[in-house]
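J.: Sharing a model prediction with you, sequence too.
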Amino acid sequence: MVLFPLLAGGSVASERSDARRWGESPRVNRIHIPALVDLLPVSDPAQIAMLADDVRLDRDYVAKGPLLNRIILSRIRKDLVWDGAPFPPVAPRGPARPLPAQAALEARLAEVVAGLVNDESALGGLAAYVRGDAPTGDAGPLAQQAVGRLFDPGYQADDASWQAALTLDAAPRSFNPLQILWWALTGAVPKARRLLADKVGGDPSGIHGTGVAVHNIVAGLQQMRTLWKDGANRRRLPPAGAAAHCLVAPQQVIRQPRKAGLCIAGAFEPTTLVMLQLDKAHTQRPTAEMAFMAQSWARCPAHAWVLALLAGTWRVAQEHTTHAL
Amino acid sequence: MPEAGPSLSDRVLQTFARLASALMQWHKWPFLIAIATLAGLRVIMRWSNLYDTETAPPKPSSSGDVLTQRTADGSFNGLDLPWMGMAGARFGRNVPINQTFGEERSLLEPNPRLISRQLLARREFAAVPYLNVLVSAWLQFMVHDWLSHGVNDVASPPIEVPVADGDDWPARPMTILKSTHAPTTPADEGRPTAYRNTETHWWDGSQIYGSSLKKQLKIRSDPATGELLANGKIGLDARGHLPIQPLRDETSDAEDARFPDLELAGVNGNWWLGLSVMHTLFAREHNAVVDRLALEYPGKDGEWLFQKARLVVTALIAKIHTTEWTPSLMNSPEGRFAMRSNWWGLLGEHYWRGYGRLGDSEEVSGIPGSPTEQHAAPYAMTEEFTACYRMHPLMPDDFSLRRHTDNLEVMRRTLLEVAHSNPAKIYRELSFDDALYSLATANCGALALHNYPNSLRMIPEKPGIYTDLAAVDIVRDRERGVPRYCEFRRLLGMPAPKSFEELTTNLAWREDVRALYASVEDVDLLVGTLCESQAEPGTPAGFGFSDTVFRIFILMASRRLKSDRFYTRDFNADVYTPAGFAWVADNSLRTVLQRHCPALAPLFADNRNVFFPWSLGSA
């Protein structure tokens, strides 16, 4: 999976960009407090599409710049690594994230899609959750198991693995000092990472998928369960429509400039963090392309599989309740 | 390139509109508040109800002067996005793309044929006493300019609609061909099916001039010789009528070949007498503009004259639509003011004619001449706009064709008897003026339940094969993922009825609708908007269409102008020529009629609006 949420919700107020036309000076929404923080949030879909492929912006994540920037970057590099290498979704272009390997993973997952369509065993539990036949808390382990089986056909999610996923997801984002202290004292984060790694044979993409990206799928399933409660949706919404409706984009992904420059969203320094706010952009342009950054080098290799999983879940839910529609 | 967000003044309007709308429907407020609310609603929709579906835009090829002339296929209107709005580009959407997946399991629920029979079929002609049939003719004249989904998909299995026992439909099941969808690309993954507009999306007179160079050259040819007219005019016969299109002509629409006497036009599908009248009038108007420009600019060749005349005629049509047709259907002080402001701004026509624009503001001096803007998405016609323009109840089933001199009936014809190749036949017995007079003195139908023309519910296509257009209208919205009525309103920021009681105040209609639909949430957009004519708060006073479709219109009517370079930054005397620019300013449908049908002028002399019924001729 490509993306992970960071700095959820944006606790720092920012003024929205109002770059009304090309050629006009954009009203920039950069948040820059010397020595403390230097962020450039971008939520416009067209701007994100351009910046996603801007070669000046990458994922080196070298801890430098103002305090908050350093904290963010060091957390990513500390928590989202395995065997000393960053997870592919947070690795820079080049050897750390070889494109052929990503392409191979993408192709393998695309092949799985065909089998997923008729895989009642994979979808039945998720469909039951969507219909409300399973407890609310089941979504996490069910989704984690579905993701995990992409990397190990015998993957069995349980409370421990789901708890590990919650820990790994929260680790780079938490600003709760007590929680951070507790994690430091207990080694919870490395333990969680190791547990998840053991279940997928140490595949970094698998660790990220079952530990971080899975939370977007869970959020989508929760939306689907809400959608299901409406009889009109149950009757009329086709599977592909339900999938698109319930596709949840990562809150934001981070790019670190390799040098100072000017982009459509404004000026940046090497110490600025460019925050591509995918969830806001996805609200404006609710397409899979936006959610997965599908036209970018950094696209999620599981884009087809996630859509198929969501659509299949809705289809099975509908098929099992035909009489009630 | 779409902009990143509304300006500060627009945000103020947005906030005002949200507050006012939360308290009361816009049309219940006093005049000034209502107008400000409408302006704010338009801003909201410009940023919340425009979605781009294009993933593989058509590739335009530039030829000729794209800076000061409209291209035949609509390309290069947007110089930074030259494919925008060209023929073959996809329809956009007015609701979020992830909510526009075509219906599958529920495509036939409830049965479209039952809806046609039990809710739409005309029981008794419900007329609008203050509007004439030119309203219906003009509407279709415009729609043919803006959009077409092209021929249906003959390669896929058709949609099969069960036909109930006791239904006199001649086949079982009823079959409806699917819409032809746009070719998909990898970028379409996870997106709903999209459809292409086979006409240019722009308000560029493509119903007259065609959406391809081949078609354009055809209508510019001498009907007698087939040679391109060197003087820049549109080919008309010796009587000033449209020529007959040769059978199986390479530029013909799919259905042309079925009708041997079909008149030639840029778009001549679904042809009927009203379209014939409008096309003939504006072909004559084009030639009159050419004469005027040739007089003023004697050194210019026919190509230049044609292209400038096209600009002028197209802008005149847009002006007529904005300041005459739409106000006739929005016949309230707010409606008239809103539409006239779209063209001339708050300062009004007299100021504009006296002093020109006062700055760039579209609110102050109107959209024409203001800066070009696309707002949230590149310009495109939308599926929701298409759905809202399903206004077939405006059409009568029967026509009394009369002489304007004494109002004596010459013939009576059904709708199908004035359709397709029949106008050319009618002109053999009835003059053009009389045909026009007959339409201008008859009333159009009301947009209401139980008022869909029965002629259109059984259109003969081929021997033994018929189309129920009412059923097709229902299927098309579902197939193309247009949300049903309640959801549609919510996505436009409007309150939705929570029960059949809130849907309509007409008790009989309420029971009719309840008998077919399991829930008010299932009510189709078309049915819901027709119910709105009798609902609370319902249709604004004086309006001929529902408040729901009006919301789409205030967005899209402005957008057709605001997105188009030739109505905004290039709407000036430099591009149009001083004589051409003055022609647009000085003329209206009234003057067009006066010029080409002077004998009829006394009959509409007293009309505030020529879309109101004219005086009857008397011997």
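T.: Cool, the structure landed.
J.: contacts and neighbour counts: CA atoms only from here.
T.: Fine.
J.: now the helices for the stretch 51-200 of chain B?
T.: All helices of the stretch 51-200 of chain B, identified by DSSP state H, counting those that start in this stretch, fall at B:112-115, B:134-146.
J.: okay, and for the stretch 201-325 of chain A, where does confidence drop off?
T.: A:322-325 (pLDDT under 70).
J.: hmm, 90 instead?
T.: Scanning the stretch 201-325 of chain A for pLDDT under 90 picks out A:231-232, A:235, A:264, A:283-285, A:294-297, A:319-325.
J.: can you map out the strands along it?
T.: For the stretch 201-325 of chain A, the strands defined by DSSP state E, counting those that start in this stretch occupy A:253-257, A:261-263, A:266-268, A:273-276.
J.: Now mean neighbour count too, for the helices of the stretch 51-200 of chain B, in JSON lines please.
T.: Formatted as JSON lines, the helices of the stretch 51-200 of chain B follow (neighbours: other C-alpha atoms under 10 Å in any protein chain shown):
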{"stretch": "helix B:112-115", "mean neighbour count": "22"}
{"stretch": "helix B:134-146", "mean neighbour count": "22"}
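J.: right, and those - which one's nearest residue B:194?
T.: Residue B:194 lies closest to helix B:134-146 among the helices of the stretch 51-200 of chain B, at 17.1 Å (C-alpha to C-alpha).
J.: Return the residues in contact with residue B:57.
T.: Residues in contact with residue B:57 (C-alpha atoms under 8 Å, 6 or more residues apart in numbering or on different chains) are B:83, B:84, B:89, B:90.
J.: So the third one versus residue B:82, what's the distance?
T.: It stands for residue B:89. For residue B:89, the distance to residue B:82 equals 11 Å [C-alpha to C-alpha, to the nearest Å].
J.: Same drill for the two, tell me which one is more crowded.
T.: More neighbours surround residue B:89 than the other of residue B:89 and residue B:82, with 28 against 19 (other C-alpha atoms under 10 Å in any protein chain shown).
J.: Burial check on residue B:130, number of neighbours?
T.: Using other C-alpha under 10 Å: residue B:130 sits among 17 other residues.
J.: Could you check the pLDDT of the closest residue to it other than its chain neighbours?
T.: Nearest residue to residue B:130 in three dimensions, chain neighbours excluded: residue B:612, at 5.6 Å (C-alpha to C-alpha, 6 or more residues apart in numbering or on different chains). Looking at residue B:612, its pLDDT is 97.
J.: Also residue A:117?
T.: For residue A:117, pLDDT reads 77.
J.: How about residue A:23?
T.: We have a pLDDT of 34 for residue A:23.
J.: next one: the one 5 residues further on
T.: Predicted confidence (pLDDT) at residue A:28: the value is 59.
J.: Likewise for the one 3 residues further on?
T.: Confidence per residue is given as pLDDT, and for residue A:31 that number is 94.
J.: One more: the one 3 residues further on?
T.: Reading off the per-residue confidence, residue A:34 sits at a pLDDT of 94.
J.: likewise residue A:17?
T.: According to the prediction, residue A:17 has pLDDT 34.
J.: returning to that earlier point: does the residue nearest to residue B:130 touch residue B:131 like I think?
T.: Yes: between residue B:612 and residue B:131 there is a contact under C-alpha atoms under 8 Å: 4.6 Å.
J.: okay, and the common contacts of the two?
T.: Residues touching both residue B:612 and residue B:131 by C-alpha under 8 Å, 6+ apart: residue B:328.
J.: Need the contact partners of the helix ranked longest in chain B.
T.: Longest among the helix segments of chain B by residue count, using DSSP state H, is helix B:273-296. Identification of contacts with helix B:273-296 by C-alpha under 8 Å, 6+ apart yields B:133-134, B:136-138, B:140-141, B:208, B:232-234, B:236, B:240-242, B:263, B:265, B:300, B:305-306, B:309-310, B:312-313, B:418-419, B:422-423, B:432, B:435-436, B:439, B:579-580, B:583, B:592-593, B:596.
J.: what residues are up against residue B:615?
T.: B:441, B:603, B:604.
J.: residue contacts, the first one?
T.: Going by C-alpha under 8 Å, 6+ apart, residue B:441 touches B:132, B:133, B:613, B:614, B:615, B:616.
J.: With adjacent residues omitted, what lies nearest to the first one?
T.: In this case it means residue B:132. Counting by C-alpha to C-alpha, 6+ apart, the residue nearest residue B:132 is residue B:443, at 4.3 Å.
J.: Am I right that that neighbour is in contact with residue B:135?
T.: No: counting by C-alpha under 8 Å, residue B:135 is not a contact partner of residue B:443; they are 9.0 Å apart.
J.: Now rank the contacts of residue B:441 by neighbours and give me the top one.
T.: Counting neighbours by other C-alpha under 10 Å, residue B:133 comes out on top of the contacts of residue B:441 with 27 neighbours.
J.: confidence score at that one?
T.: For residue B:133, the pLDDT comes out at 98.
J.: Quick check on it: phi, psi?
T.: Phi and psi for residue B:133, reported as degrees, to the nearest 10, are phi -80, psi -10.
J.: Report how many residues lie close to the nearest residue to it once chain neighbours are set aside.
T.: Excluding its sequence neighbours, the residue lying closest to residue B:133 (C-alpha to C-alpha, 6+ apart) is residue B:444, at 4.6 Å. When neighbours are counted by other C-alpha under 10 Å, residue B:444 registers 27.
J.: Then the one 3 residues further on?
T.: A total of 26 residues lie near residue B:447 under the criterion other C-alpha under 10 Å.
J.: For it, which residues are in contact?
T.: B:391, B:393, B:394, B:530, B:533, B:544, B:545.
J.: Tally up the residues packed near the fifth one, please.
T.: Just to be clear, that refers to residue B:533. Residue B:533 has 24 neighbours, counted by other C-alpha under 10 Å.
J.: Which residues are in contact with the closest residue to it other than its chain neighbours?
T.: Excluding its sequence neighbours, the residue lying closest to residue B:533 (C-alpha to C-alpha, 6+ apart) is residue B:539, at 5.5 Å. Contacts for residue B:539 (C-alpha under 8 Å, 6+ apart) come out as B:532, B:533, B:545, B:546, B:547.
J.: and which of those residues is nearest residue B:370?
T.: Nearest to residue B:370 among the contacts of residue B:539, with distances taken as C-alpha to C-alpha, is residue B:547, at 27.4 Å.
J.: Name the nearest residue to that closest one, ignoring sequence neighbours.
T.: residue B:539 (5.3 Å).
J.: isn't residue B:378 right next to residue B:84, touching?
T.: Yes: between residue B:378 and residue B:84 there is a contact at 6.5 Å, judged by C-alpha under 8 Å.
J.: neighbour count winner among the two?
T.: The neighbour comparison of residue B:378 against residue B:84 (other C-alpha under 10 Å) goes to residue B:84, with 28 against 22.
J.: Could you pull up the residues touching that one?
T.: Contact analysis of residue B:84 by C-alpha under 8 Å, 6+ apart lists B:57, B:75, B:76, B:77, B:78, B:378, B:379, B:380.
J.: Make CSV out of those and add pLDDT.
T.: Output for the contacts of residue B:84, formatted as CSV (pLDDT from 0 to 100):
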residue, pLDDT
B:57, 92
B:75, 96
B:76, 96
B:77, 96
B:78, 94
B:378, 96
B:379, 98
B:380, 98
